[in-house]
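# I need the structure of the sequence given here:
(one chain, ligands or ions: 2)
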Amino acid sequence: MENTGKEVIRPNAVLLQSEDLYKYILETSVYPREPKPLKELRDATANHPLAFFGTLPDTGQFMAMLLKLVNAKKTIEVGVFTGYSLLLTALTIPDDGKITAIDVNRKSYEIGLPVIQKAGVEHKINFIESQALPILDQLLENKENEGSFDFAFVDADKDNYWNYHERLMKLCKVGGIIIYDNTLWGGTVVWPEESVPKPKRPQRLSTIKFNESMAADPRVDISLAPLGDGIKICRRIN
Ligand SMILES: C[S@@+](CC[C@H](N)C(=O)[O-])C[C@H]1O[C@@H](n2cnc3c(N)ncnc32)[C@H](O)[C@@H]1O
Ligand SMILES: O=c1cc(-c2ccc(O)c(O)c2)oc2c(O)c(O)ccc12
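Ligands and ions are numbered 1, 2, ... in the order given. Below is the predicted model:
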């Protein structure tokens, strides 16, 4: 992924229209309950030039709630970066739970790895350094994986979201949950194209198309929640 640097639109303020309100949510609801290792991992990532990649803590808190509601044990993550959402998942699922975590970049995963190790949850993680699509296809080659995952979190290249969706619909069980991050793309989905910074335009179009396709997909229940940068929550119906 390229660094879009200062072009980046901080999703929190854009979506809520108020930095103060976002701060209120974090300070009154999220930070008081954030597990210590997650705070440590955030701190270890804070000075990274791509720190804004990290899953926002309010999104994380909601994700932990869903993981618990479906008793998730076997999960997939596409897009790890330094591992905030990964560590959150590892801390939430049972001791014999397993996460298949895929990212093209192992270096960023290694930034968070010491925190993951210290938290004693590394044994739940199978990190695979690769493009995600071939790995999902590889998982599908083994029939035992079909309908076996309880939960998936997708937070990588937006252009492939629909391709990931087609694979994850087969890998996740009926009643399983798939979350797609950044589905409001900093609020730009409703902006006129001309006012969107050029580097963000392709992802904006992919996101708009993805949300449209999702609305027409009879295989899933959906909800687009304006948490973080907008998360689309899907539940496999059949
Ligand atoms: C927004 S970050 C993920 C943030 C992460 N969920 C967290 O909580 O910190 C997106 C990640 O997707 C990875 N990525 C981009 N394209 C990918 C692809 N085609 N396959 C797998 N990973 C990819 C990038 O290397 C980057 O680390
Ligand atoms: O601001 C962002 C920018 C990008 C991004 C921009 C241009 C690319 O060519 C690309 O591949 C990724 O990706 C993000 C992301 O994936 C997030 O989860 C959160 C924020 C961003």
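# quick one: furthest residue from the center of this structure?
For the chain, the residue at maximal distance from the C-alpha centroid (CA atoms, centre = their mean) is E194, at 28.0 Å.
# ok, the residue nearest in space to the middle of the chain - contacts?
Central residue check for the chain by CA atoms, centre = their mean: the C-alpha nearest the mean position is that of D155, 3.8 Å away. For D155, the contact set (CB atoms under 8 Å, 6 or more residues apart in numbering) comprises 55, 77-79, 81, 85, 180-182. All C-beta atoms are positioned from the backbone trio N, CA, C, and that covers glycine.
# that one and ligand 2: what is the separation?
According to CB to the nearest ligand atom, to the nearest Å, D155 stands 5 Å off from ligand 2.
# what average pLDDT does the helix or strand harbouring Q117 get?
Secondary structure assignment for Q117, by DSSP states H and E: helix 106-118. Helix 106-118 shows a mean pLDDT of 98.
# against which helices or strands is it packed?
helix 36-45, helix 84-92, strand 125-129 (3 or more CB pairs under 8 Å, 6 or more residues apart in numbering; DSSP states H and E).
# neighbouring contacts of that helix?
With CB under 8 Å, 6+ apart, helix 106-118 has contacts from 37, 40-41, 44-45, 48, 50, 80-84, 86-87, 90, 101, 103, 122, 125, 127, 129.
# is any residue of that helix near ligand 2?
No: Helix 106-118 lies out of reach of ligand 2 by CB under 6 Å from any ligand atom, never closer than 12.2 Å.
# point out the most buried one among the helices and strands packed on helix 106-118.
helix 84-92 (a mean of 25; mean count of other CB atoms under 10 Å).
# how about the contacts made by the spatially closest residue to F210 that is not a sequence neighbour?
Once flanking residues are discounted, F210 sits nearest to Y161: 4.7 Å by CB to CB, 6 or more residues apart in numbering. Taking CB under 8 Å, 6+ apart, we find Y161 in contact with 154, 180, 206-207, 210.
# and the residues you listed, which of them are in helices?
Using DSSP state H, the subset of those located in helices is 206-207, 210.
# next structured bit after the one helix or strand in the chain whose mean pLDDT sits lowest?
In the chain, no helix or strand scores lower on mean pLDDT, DSSP states H and E than helix 11-16, which sits at a mean of 64. Under the assignment DSSP H and E, the closest C-terminal helix or strand after helix 11-16 is helix 19-25.
# which neighbouring elements make contact with that following helix?
helix 11-16.
# so for the lengthiest strand in the chain, what gets flagged as buried?
Scanning the chain for the strand with the most residues, using DSSP state E, yields strand 172-180. Buried residues in strand 172-180, counting neighbours by 16 or more other CB atoms under 10 Å, are found at 172, 176-180.
# ok, which pair from the residues you listed is furthest apart?
G176 and Y180 (13.8 Å; CB to CB).
# show me the shaky parts of this protein.
Applying pLDDT under 70 to the chain flags residues 1-14.
# need the contact list for D96.
K73.
# check which helix or strand covers it.
Using DSSP H and E, D96 sits in no helix or strand.
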